[in-house]
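[1] output the structure for:
(one chain, ligands or ions: 1)
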Amino acid sequence: MSVLIYPGSFDPFTVGHLDIARRASRLCGTLYVAVLPNPDKQSAFTPEERVRMIEACVQDLPNVRVECHGGLLADYYRRTGAVGAVRGLRGARDVQYELEQAMGNRLFEPGYEVLFIPCRPDYSWISSSLVREVARLGGDISNLVPAVNVRRVRERLFAGEQPSED
Ligand code: ADP
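    Below is the predicted model of the structure:
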């Protein structure tokens with residue numbers, strides 16, 4: 001069975017991300033959820049923390065593995081034997097952005113496909129940045145983040161806990 005990767009920042013992983021991972025896992029033998037660190041962006045959670053938080057969400061999905069990958073995506077494809085990547089689409093803005101990314105990446109990763117999965121309509125407004133904003137203000141994030149991570153996100157963003165060294 002084929003291998004797919006689901007790359008993203010996942011800072012933090014939302015219920016929308018989990019829904020895409022769950023659905024993508026049914027389409028392949030193994031799904032690698034790849035946390036891609038972005039050194040240019042200040043993130044709320046370290047890549048290692050994000051890996052652990054995602055692992056806690058996908059425990060019931062035996063063919064899903066979670067890793068952090070810092071290099072070129074093409075190297076990750078080669079190492080995992082993946083045939084392509086999965087990306088979620090929330091609306092017209094994602095379509096535009098994701099298509100441009102996918103077409104650009106073809107220059108560096110010819111031969112790898114991108115599978116687009118439309119998000120659940122009721123999750124179309126959910127993003128990691130919304131979660132961070134609501135959590136910082138002390139709002140209710142229980143419908144935005146998988147239950148297992150709600151307390152962790154609140155502690156980091158509302159209570160002002162410092163990122164841990166991994
Ligand atoms: P990136 O910074 O790489 O865009 P994100 O963590 O924001 O990473 O998102 C990773 C992937 O998940 C992207 O394909 C994005 O479109 C998708 N995604 C984000 N939010 C949702 C959602 N609410 N429902 C479905 N897919 C989503």
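
[2] state whether residue 116 is indeed within a strand.
    Yes - counting by DSSP: H, G, I helix; E, B strand; the rest coil, residue 116 is located in a strand.

[3] got phi/psi on residue 34?
    Backbone torsions for residue 34, taken as degrees, to the nearest 10, come to phi -110, psi 110.

[4] which pLDDT value goes with it?
    Listed pLDDT for residue 34 reads 97.

[5] which residues touch residue 155?
    Contacts for residue 155 (Cβ atoms under 8 Å, 6 or more residues apart in numbering) come out as residue 161. C-beta here means a position set from N, CA and C on the backbone, and glycine is covered the same way.

[6] for the one helix or strand residue 135 maps to, give the mean pLDDT please.
    Using DSSP states H and E, the element containing residue 135 is helix 128-136. Averaging pLDDT along helix 128-136 yields 97.

[7] check the offset of that helix from the chain's centre.
    Distance of helix 128-136 from the chain centroid (Cα atoms, centre = their mean, to the nearest Å) equals 15 Å.

[8] counting contacts, what elements does it pack onto?
    Identification of packing neighbours for helix 128-136 by 3 or more Cβ pairs under 8 Å, 6 or more residues apart in numbering; DSSP states H and E yields helix 150-157.

[9] re the thing from before, what residues of the helix holding residue 135 count as buried?
    Within helix 128-136, the residues scored as buried using 16 or more other Cβ atoms under 10 Å are 128, 131-132, 134-135.

[10] and the chain, which of its residues are near the ligand?
    Proximity of the chain to the ligand, by Cβ under 6 Å from any ligand atom, involves residues 8-10, 14, 16-17, 20, 87-88, 90, 94, 119, 123, 126-128.

[11] where's the dip in pLDDT among those?
    Within the residues of the chain next to the ligand, residue 94 has the lowest pLDDT, namely 92.

[12] against residue 115, how distant is that residue?
    Per Cβ to Cβ, to the nearest Å, residue 94 is found 14 Å from residue 115.

[13] which residues do those two both contact?
    Common neighbours of residue 94 and residue 115 (Cβ under 8 Å, 6+ apart) are residue 87.

[14] so which of the residues of the chain next to the ligand are in strands?
    Residues of those located in strands (DSSP state E): 8, 87-88.

[15] now, of those, which are buried?
    For these, a neighbour count by 16+ other Cβ under 10 Å gives the buried set as 8, 87-88.

[16] pLDDT weak spots in the chain?
    163-166 (pLDDT under 70).
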